[in-house]
Each structure stands twice: as C-alpha cells, then as structure tokens.
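[1] please work out how this folds:
(chains A, B, C and D)
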4 protein chains.
Amino acid sequence: MIVVMAEKASEEEIEAVQRIVDEAGFRTHRSADRSGTALGVLGEGGKEGVAALVIGMPGVARIMPVDVPYILASTEGRHEPTTVEIRGVPVGAGHFAVIAGPCSVEDETQILETARGVKAAGAKLLRGGAFKPRSSPYSFQGLGKEGLRLLARAREETGLGIVTEVMDPRDVERVGGVADALQIGARNMQNFPLLREVGRAGLPVVLKRGPSATYAEWLMAAEYVLSEGNPDVILCERGIRTFETHTRHTMDIAAIPALHELSHLPVIADPSHGTGRWRMVAPLARAAVAAGADGLLIEVHPRPREAWSDASQTLSLEHFAALMASLEGLRPVARTGP
Amino acid sequence: MIVVMAEKASEEEIEAVQRIVDEAGFRTHRSADRSGTALGVLGEGGKEGVAALVIGMPGVARIMPVDVPYILASTEGRHEPTTVEIRGVPVGAGHFAVIAGPCSVEDETQILETARGVKAAGAKLLRGGAFKPRSSPYSFQGLGKEGLRLLARAREETGLGIVTEVMDPRDVERVGGVADALQIGARNMQNFPLLREVGRAGLPVVLKRGPSATYAEWLMAAEYVLSEGNPDVILCERGIRTFETHTRHTMDIAAIPALHELSHLPVIADPSHGTGRWRMVAPLARAAVAAGADGLLIEVHPRPREAWSDASQTLSLEHFAALMASLEGLRPVARTGP
Amino acid sequence: MIVVMAEKASEEEIEAVQRIVDEAGFRTHRSADRSGTALGVLGEGGKEGVAALVIGMPGVARIMPVDVPYILASTEGRHEPTTVEIRGVPVGAGHFAVIAGPCSVEDETQILETARGVKAAGAKLLRGGAFKPRSSPYSFQGLGKEGLRLLARAREETGLGIVTEVMDPRDVERVGGVADALQIGARNMQNFPLLREVGRAGLPVVLKRGPSATYAEWLMAAEYVLSEGNPDVILCERGIRTFETHTRHTMDIAAIPALHELSHLPVIADPSHGTGRWRMVAPLARAAVAAGADGLLIEVHPRPREAWSDASQTLSLEHFAALMASLEGLRPVARTGP
Amino acid sequence: MIVVMAEKASEEEIEAVQRIVDEAGFRTHRSADRSGTALGVLGEGGKEGVAALVIGMPGVARIMPVDVPYILASTEGRHEPTTVEIRGVPVGAGHFAVIAGPCSVEDETQILETARGVKAAGAKLLRGGAFKPRSSPYSFQGLGKEGLRLLARAREETGLGIVTEVMDPRDVERVGGVADALQIGARNMQNFPLLREVGRAGLPVVLKRGPSATYAEWLMAAEYVLSEGNPDVILCERGIRTFETHTRHTMDIAAIPALHELSHLPVIADPSHGTGRWRMVAPLARAAVAAGADGLLIEVHPRPREAWSDASQTLSLEHFAALMASLEGLRPVARTGP
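    The predicted structure is shown next:
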C-alpha cells in the first residue's frame, strides 16, 4: 500500500501519518519526487485497517493498493527512472555506462593493462573479481584481499571506479572499504543475509539475475536491498539457464524493456556470461543496447587465452575497442517503448 | 562426410565418385559454389570404407568428416550464406525483409487494409493465418480455404508475396497452390511427415523454432526439408519456453549470431510471438536487427483490440510504421561478428 | 459449461435442451454415468445466454460453469474414472496393465521372441514401432508396412493386443487396420490434424505427454481426441525436458496423482523414455506404480545391445521378468490419495 | 586422481605418498574402508607428474584417474554407501528415517504437539524452521533464537534429534550449538562460504538440491562440505523448477537411483516442497521410497490451515500417521537397481 501525500502536505502531516502506520505494526518507507511525497507501507498482512485510519487525515491525497510485492522497486512505488551514481558515473534514466575488465584479478600487470585499455576504449568503470564463486572447491577462488589491493591500484592510476563481487556477508565491510559498487552474483541473488548486509553498506549494488529467476523474484531480491535503506540498485541481466547447450546461458533481452516497465531501477546487460562465447559478446551487446539497456558489463583481458577463468567468453582489448566503436552509431537510434 | 572436388574436376570425375558412394549404400547430395563442387555423403552408419575408396580418385581434392548431423544445413556443407527468394524478395546474405500481417485472416476488409498499410510502411511480404494450430479444439481454427482466397486477393492488389502456415501434410498442395512461402509453426517443428512434404513442394519454407528445441534439433528439422531437395529454408526464432511468465515466451536473440555461425541459412525473428506483448515488439525487433537478423515477422492488425487471435501481441498500423522508421537508422550500424 | 440433467429426466427433456443449445450456436456432448445424464456445452465464447435459456427447462437439475478448458477430459465432465479396453485388456479404474516390447520392430525372430518373453513375464499388451519419428532424416525410420505385418504375426501367435505409433494423419487408416491401440508420440502431442484423425479412428489412443507440455496442454490434446467422439484415451507420462543431462528426460511422477485429480482418464508411465537408462527403468517403474499408475510402457528386447534404436534404455527379457516380479508385492500396497 | 594403497600398506608407506603429493602442490584426502586405504589427490591442474612419481612407490596398489570433479562425493572416491548418524539415528546404506515437523516453529504448544505426534507415528527426527529464507523481505522470517530454544525444548521432551536450517555463515555456530543436523536450503546450495562453514561445524548436513541444479552441481556442492573434513552429508531431493505450474516444483524421483549410482552419500526426498500440495505428499513419498530413498523429510502441523508458512503443503498429524502406516508394507518390497 502506498499513501500518496498532497503536493503541499506539511512535514507535520507526513509525520502524523507515519506515526499511525507505526502504531498499527507496519513500517513506512518515505520517498519523494517532483510530484511530492509518498509513504510506502511495508510489512506482511492486511492493510485495510490502516487505510481506514489514514484516508481522512490532513495532507493525504490518496491511497494506492499495490499488487506487486516489491513495492519499493516498482514503478508504482516510484514513477521516475532512478539514476545510480558509481564514483560519479551516472547509470540509468538516459545515462549509459560500460563496466569492463577481467573475470578475475590476476596480477598488477594484467589489471593495470586492462584498466588502461578499457578506459581508452571508452569504458567508464572497471570490473574485476577478487572473491570468486566457483562450482568446485578445487578451482581458483580469486586473490581475495590482494585482489582488492590491485583493483585500488588500478583506480589510483586510471581514475576508473571499481565494481567487484562480494559473496559473504562477513566480507561486505572489507570489500566495501575498497569498491565503488558491490556486485551480487547470480548464485547469490537469493542469499538474503548478504542482500541485507549490502543494503546497509552505503554503496551502489549491481544485482545479477539468478540463472532461473523470474522478474518478480529478481525484483524481490532488489527489494531486500532497498528496504534496508539503500536506493542504489542496478539490475544486471546475465542470461538464464535453458535447454540450449551451445551457449553458456540464454540472454533474455526482453528483460530489459520488461524491467523498465515494472521498475524504475537501471537495467544493464552482461553478454559475456550471457553467452559464454566471445564471438557472440558483440552482437548481444548491440542487441541489449538496441533494446534500451542502461549499460553493459563486459569481460576483457589483454590476453584472453591466458585468462585464469572464463577465457572463452572474454574479449581482447582490440575486440573490446571495436565493440565500443560499433556502439557509437547504435546508441542514438536505440530506444525502448513502442 | 563431404567429398570436396578439385576446382577443375570434370563432370565424369564427379559422377564416378557419386557411383562409388551409391554402391556403398549411401546417397550423395551435390552442391556447388564459387569454390567448386562438393558431394555430401548422406545416410546412417560408418563412412570410413567409402572414404578409403574415394580418397584416391581423380578429381577429389579432399574429404571432410562432418561432426554435425545436419550436413546440408551446416556451414561445413556450404560456406556461403544462402539467399532465399520469396516472390522475388531476397532474404539472407545481406538482404533484409519484413514480413507483416495479421495473426488470422478474418475478412476481406481486414486483410486488404492490413496489406496496404504494411506495404506503405515498408514491409515486403504479407503474412496471415488461414489454417491455425490452436491448443483448444473449441478455439477459432482459421478460415481455411476462404482465408487462402482472401490472401490471394490481397496479393493481387498490393503485389506483396504471401507467407502462410500449413499444418497438415494433406494440405500442402492446396496451401502451396496459393502461398509464396510455406510456414511451419513451432509446434510442428518436428512433424516429420509435414517437413518431408514441404520439402517436395518447391516453395520456400519459413521454419519456426520449437518452443523447447535446441539449435541442433532445429537444424535437423531444416535438414528434413533440405534433404528432400528444397534448398530454400528460412529459420525463424520466435521465443522459447522458460520459467518467466511475464512474457509469453523468451526470445533467444543469441540464436541469430549462433545460427549464422552454424548454418548458411537466413535467420529471421518473430518478436510478436517471442514476447506476446505489443509494447515489447519494437524493442525486441530492434534487438534482433542489431544482432544481425535477416528479417522480421511481425503481427499487425488495423484494430488490434478486435483481432480474433493474438490481440495482445499485435501492433496497430501506426505502431508498425513507427517501428519500421526506427529500423532505418539501425540497419546500417547493425552487423554480426565480433 | 455442463448441464446436469435430473436423474429421472426423460429422453424428450434431454433432447429439448440439446436443441436449445444447438440453436444458440454451440454443440452438446452427451455422457451418462450412474448419477444420470450430463450435457457438455462445447464451443468458444460466452455461454451465459444459453444458461439463462436452459436453467428453467424441465429435467434440468443444475448448470455448472467449468473453469477448465478441457471439459470432456476433466473430472468435472465425468466423475467416475474411465476404463479403456485394448483388445479386451482393461486399463484404468483399478485395472493395471503392462505394455512391453521393442522400440522398433526389426524382424520376425526379434518380435516373436520378445512377444513370447514379455507375455511369459506377465505383460498384457505388445508395443513395437513400425513408423518411427527420428530427429535425423538419415536415421532408421522404421520398417513401415512390413513392421505392421510382423506385429500382426506376433499377435496371432501370442494373443497379445498391439500398441503402435502413428505419425501421419494419412497413415491412420492403414495403421489402425492392424493395431489394437494407436500411440501418439511426444513430439506429436500438439499435432492437431493427427489428433482429430485418431479421434475418428474408433480405436483406443495412448497419448504421450509432450516433453515440455503442461498438464493443461496435455489434457487439451486429449480433448481434441475426445471431442471427435473417441472416449478411449490413455495418458502416458514419459518424462519432460529439464536441465539434467544425466538422464534423457526427467520423469514427472507427480503427474500421475495430479492427472488422476484433474481427469478421469487412465494414466500410465513410460520409464524407458522417461530415464533413457536401462538401470533406472525398474526403480522408476516401481515409483510410478507406488504413485498410482494404471499401467506401464516398457521397452524390452531379447538382446538390448543389438537393438536398432534406444538400446541404452531397453531391458533384456531377464531384467523385464525381474521387474514384473518386483511389482507383484508392490501393487497391493500402492494407492493414490493422502 | 585417487591413489589406492595395497591392503597391507604400512602407515609409513601411506605417509610417504602423502608427502610427495604435498610437495607437488596438491592436497590428499585419506579415506579407508574394508578394501584398504585410498588417498584422494585434490587441487586444480594436471596430476600426471604426481602420478609418475607415485606409481612406483612401495605400498601403492594402483592409480585411478577420476573423471568427475566431485572426487570425495563420488562412488569412485568411496565404494561403500555411507551411513550418516543424526543423534544416533542412522540414515543410508539400508537405514531409513523419516524427519518430520512444521515448516516454521511457531510457539511451544505447536512444536511440542507436533513432536509428540510425529514421534508416535514413527518419525525418528524432528524438523522445524527457526531461520527462514523468504522471497519477500516483508514475510515472516522465523522466530530465530527463540525458535532454536523451542526446538531444544521439544527434543528434551521427546528425545527426537533436531534438523534445522542455517542461512548465514555467521549463524552456523549458534544454530549448530542446538541442532543435531544442519540443513542447507535449496536457494543456498551454491552459497559457498556457508557450505565451507558447515563443513567445519562437526555436524551432519542435509543438503537440499537447488531448484535448477544438475546432479553434478549438487555433488560439487556436497564436495565443498566434504572437502572441509565433514563426511556426513545427506542429499535431499526437493523438486526442481519446470514449466508445470499445477505443482510448486517437479520432483525428480530419478535423482534417487541416479545419485545412488554416482555417489555413496544417502539420498532422501522432501515431497512437501517437491509438490507444494498436501494431497500429493503421500503418493510422492511412496514413489520416493519405491525408488530407493534412504529417508523422507515431511512437513507436518497439528492444524495445517493455521500454519504460518507453507500451509498448503503441510500434512495434519492424522494424514502423516496414515502415510507412515502405508510405508510399512512398501519398504520391504522397495529396492533400487534393475
């Protein structure tokens, strides 16, 4: 349920409504845009009683029942598209940004070379894994702390903001101490303690879609972060599991316009994981942009064949530069909506 | 297995190889492009014995084992992309065409109005269902013969070639007597008697992907048509079944570059069935074009809300014209490959 | 909509209702069980008008709106479980039967040896493919007419009724001239012209579930057969496509109690196709029986390793006999329902 | 790679092999059964060099390359089936146990009443959620610490060992301080920090299959726990996500014999989550037992309709008792294998 306040409602009137809601055992989430203030009423259970109390109060314009369970993430909860800023780089609401870098941080030479290369080609943010979720306990698990240090070193030199994954709620503070945005991996999309923890970390969150998650489940996961008070969530489509084995996953390009209709949050696409094949990264990146994506997440390595992980889906710096050039002509003609 | 003949191999040398293959109990499929003649060796079972007999024969350049079971559809079977012509309109190998029209043919006014409208907006071919596959025996099953007559009437007036579905091997002759291309629907992708029958009909075939089919199964279905001697198959991606329920199907845009790598056949996309929502048709159409599609199949109706079937995914003539305009700028910047 | 007639309604009263329904542009389907006569009102579109006309007529007990679109297949359409007889062998409503035999009929020795063996072990019906749907046009497609002759020969000797697949509506008459029941394969579950044709053939139909079909789609396919006037449909669960690649398909054992709740039709299980691995056929056969299956369809061959198709999922006669013995103890303790 | 030592190999010979492996940069995992000692060689990368060094050493019987990446969980890593004991109750290798209880612990009356009831009906262990993973941040998240206290109270009175879920690596110590076995929920199957943490907790682990996980991924998740030195993992099939919406998930009964072939670990089934419908719990429980399950996990509540979560899939005490009785006759006739 959302209580929409009149445009001229006073602070006192708003707080009076909040008190009534609190006393009824619910929480309020306050948000404001140009059309005024809205109070989301959060909590499980029937809200008809609260509605009855609130409807006649001064300053209340109207009450909207919300069918969707992800009230804060929904376009009903907020009408205008959200722009998330990562170290000053805006993403969403017309702002487009490419986040590029290696799957795993390997050593100083690799990360610096990559950072310089992707910056030169037009990327605005640097990705790189320090803590890696791996299906096998015997696979390389990332450089950990040392990886974070190397990412910070690359930022120091290039000025590129850093996006890196956090897997463990106990690591949020440490990773958040270095990163400019925290990535939640696909396998952790419903790791609720982790979502709550990054919701409290005060940093933008890039939330990857689980490989079998529906849009509704994905937005519910975003809601976990938002409901902790962190409004800066970027949704990242990275392919879903299907019967097709030729590609690693199947990119759901329709998720981009669909999420833009259901939610105000920015939506970016990761064609590297989405296809698992470097030859298909560029066409799918272009498809995502043509469908209205607010950004891209691309795996790049100076020598892809030597990459410690995800070699087959990683672009060389040359191919990445060629892709970025091809987007130049595409961006002006791309737009969503009929 | 493919026997590649030397560029200067004589007709006698080619026929001698064919005789040896025949005698060993296999069939040959002969094809030629600028690099010379190739003989596909078709049939089940080990072909090592034939290879041993053929390898030293005059005019034989080399022998290629082919791993894929769809030899005629594969890029190993034919290196150059195929162009399929439907009533003089080329599709594939750089030629782009939009096929548009209503889900079902309803009456003369509807089909003529649609045909004129989509032609004016730039469509080159007209689609329209006369025989409709429906999940329920109680749903409208199409106008049948009368629908074919109305399609012919629309062609007469607008000159647009006609693409329409055939569901029953017993109808191939009748439908083929009117249509310029025969469509095989998703649910019939593995209807083998029907595939064989359209393979003998001497008309181009638009082969839709089954909703749960892999690329390999889809190409094997194309192989059924090709192996009957019909080289004119257009593959149509129309969305696969996934867990997502917000959209009717999930469009697999990656199928476009993937099929272009695996096969020489043209690949088009149907974002109407692929999404099931008219608001998402345009962004997904643009995504398909950006990923290198050779054409589009779009459902259009003068008054979508009154359409007898698929109303929710059908564009009005106005929205269709707007979509076509938006493709103008996109086509030059779209291309496949890294 | 179903019009339930009073137990004592006269023939005249029933026919009067049918006339009214006909005049309103709908069809009626008449059925009777111990509780009296019911008239299913078939056809698309709102039926409120008919209901208003019929509700007060003499002999009408009550009118039931039916939510499900498969009115004849549903338990609302018929309360008592249906028993289908194949050459005198009852299946359903407490009657259990095993249908066994080779994937493909290969030659007289093979089919006779198998028929004798499965009969000795307790099978009541013989399966064997004469017309085979194959993904590749180059694979063995079955012996065709000769296969039918051999099946008839095996019946002559053993007395076992014959269940065999028909793929092409043009073959229904020929196959139906020999078979005691017609099987519709998974890939043809939505081959509507074929479903209509077997609906008119006057023989029981074993309808396999499509590899990605929902229960509702499966029952709609059954409805196609039933609505042609053929009440003898057996549903056969044969595994669905999932991400798991260890097994050929994933058997949905829950389909058995679910279909028994949704429909009155008998439900059998095919663990051979359902698993694709002969070692797993017996445990899954037992699971199906424990969940209440009305029968089993099992692939058996005297020398599985030499089978021309599906060798890896075929039981030897010895293993089949062992499986049948293990079902002896199981059947009495198996039952559905909580 | 597994180094199998001769039956009479001395302790010194075994340790000498371990030293060589360590020096080559790999880890060894030592296990012993009646056929002697085996050393699993763990770690990423080629092991041919180590094999060459070890093959001639005294006491080495043979070296087995292992294709599967889950060496400790595989039947190659250990031939005999494993029995896991939870508070003295054996599960696996012929030992069958039912774990029953409410989805969520609600209050003392509810949990005591349930514990007494399920014990009387033959359950050997008590389940109950104190920390609940919920798709929505606004849903009831479990009683937490208080829930643990109530579970301990129920154990005190009934003697039933306790199985309860842990979601957060930071909670493992607290939950493990009370529980007799730790459950990893389906959504956490690939929560690697959590798997490692429960691997070190010294308690048996019930590892649920992820809703879209393959057998290989599931066994790799088990490998995470095993590789931390915890041998007591029970695999729990609880249904996978498919297109079917009638049931909450689709139970993959074939997973039971398949996992018994691939792994030595016990396999149990959860038909409550697996179907999401209480009417289907009993038939699917019987199917799982008939397919060879080592145990069942069943949701039971004294008043299912009043349950705070999962009401629709929860059995009453009466229905649970009836199910347990029906298993009496089934267990002796159930067995896996052909």
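[2] not counting sequence-adjacent ones, nearest residue to residue A:323?
    With Cβ to Cβ, 6 or more residues apart in numbering or on different chains as the measure, residue A:282 is the residue that lies nearest to residue A:323, at 4.6 Å, once sequence neighbours are left out. For every residue, glycine as well, the C-beta is placed using N, CA and C.
[3] how far is the host helix or strand of the one you found from where the chain is centred?
    Under the criterion DSSP states H and E, the helix or strand holding residue A:282 is helix A:278-290. Computed by Cα atoms, centre = their mean, to the nearest Å, the separation of helix A:278-290 from the middle of its chain amounts to 19 Å.
[4] send me it as CSV with only the CA atoms.
    Below are the C-alpha coordinates for helix A:278-290, written out as CSV (Å, rounded to 0.1, in the frame of the first residue of the first chain):
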residue,chain,number,x,y,z
TRP,A,278,33.5,-14.2,-27.0
ARG,A,279,32.3,-14.2,-30.7
MET,A,280,28.7,-13.6,-29.5
VAL,A,281,29.5,-10.9,-27.0
ALA,A,282,29.4,-8.0,-29.5
PRO,A,283,26.1,-8.9,-31.3
LEU,A,284,24.4,-9.5,-28.0
ALA,A,285,25.9,-6.3,-26.6
ARG,A,286,24.4,-4.4,-29.6
ALA,A,287,21.1,-6.2,-29.1
ALA,A,288,21.0,-5.1,-25.4
VAL,A,289,21.7,-1.5,-26.4
ALA,A,290,19.1,-1.6,-29.1
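[5] near chain C, which residues of the stretch 201-338 of chain A?
    Counting by Cβ under 8 Å from any Cβ of the partner chain, the residues of the stretch 201-338 of chain A close to chain C are A:241, A:243.
[6] residue contacts, the closest residue to residue A:286 other than its chain neighbours?
    Excluding its sequence neighbours, the residue lying closest to residue A:286 (Cβ to Cβ, 6+ apart) is residue B:290, at 4.1 Å. Taking Cβ atoms under 8 Å, 6 or more residues apart in numbering or on different chains as the criterion, residue B:290 is in contact with A:283, A:286, A:287, A:289, A:290, A:330, A:334, B:330, B:333, B:334.
[7] please apply the same query to residue A:255.
    A:209, A:215, A:237, A:267.
[8] for it, give me the pLDDT.
    Reported pLDDT at residue A:255 in the predicted model: 98.
[9] ok, now residue A:1?
    In this model, residue A:1 is scored at 83, pLDDT.
[10] give me the number of residues near it?
    The burial count assigned to residue A:1 is 20, neighbours taken as other Cβ atoms under 10 Å in any protein chain shown.
[11] contacting chain B as well, which ones from the contacts of residue A:255?
    Of the entries in the contacts of residue A:255, the ones placed beside chain B under the rule of Cβ under 8 Å from any Cβ are residue A:215.
[12] narrow the contacts of residue A:255 to those in helices?
    When DSSP state H is applied, these are split such that residue A:215 fall in helices.
[13] JSON lines please, covering the contacts of residue A:255 and showing pLDDT, neighbour count and distance to residue C:46.
    Below are those laid out as JSON lines (pLDDT from 0 to 100; neighbours: other Cβ atoms under 10 Å in any protein chain shown; distance: Cβ to Cβ, whole Å):
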{"residue": "A:209", "pLDDT": "98", "neighbour count": "26", "distance to residue C:46": "40"}
{"residue": "A:215", "pLDDT": "97", "neighbour count": "23", "distance to residue C:46": "33"}
{"residue": "A:237", "pLDDT": "98", "neighbour count": "28", "distance to residue C:46": "41"}
{"residue": "A:267", "pLDDT": "98", "neighbour count": "27", "distance to residue C:46": "40"}
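[14] let me know the closest of the contacts of residue A:255 to chain C.
    Among the contacts of residue A:255, residue A:209 lies closest to chain C (Cβ to the nearest Cβ), at 16.4 Å.
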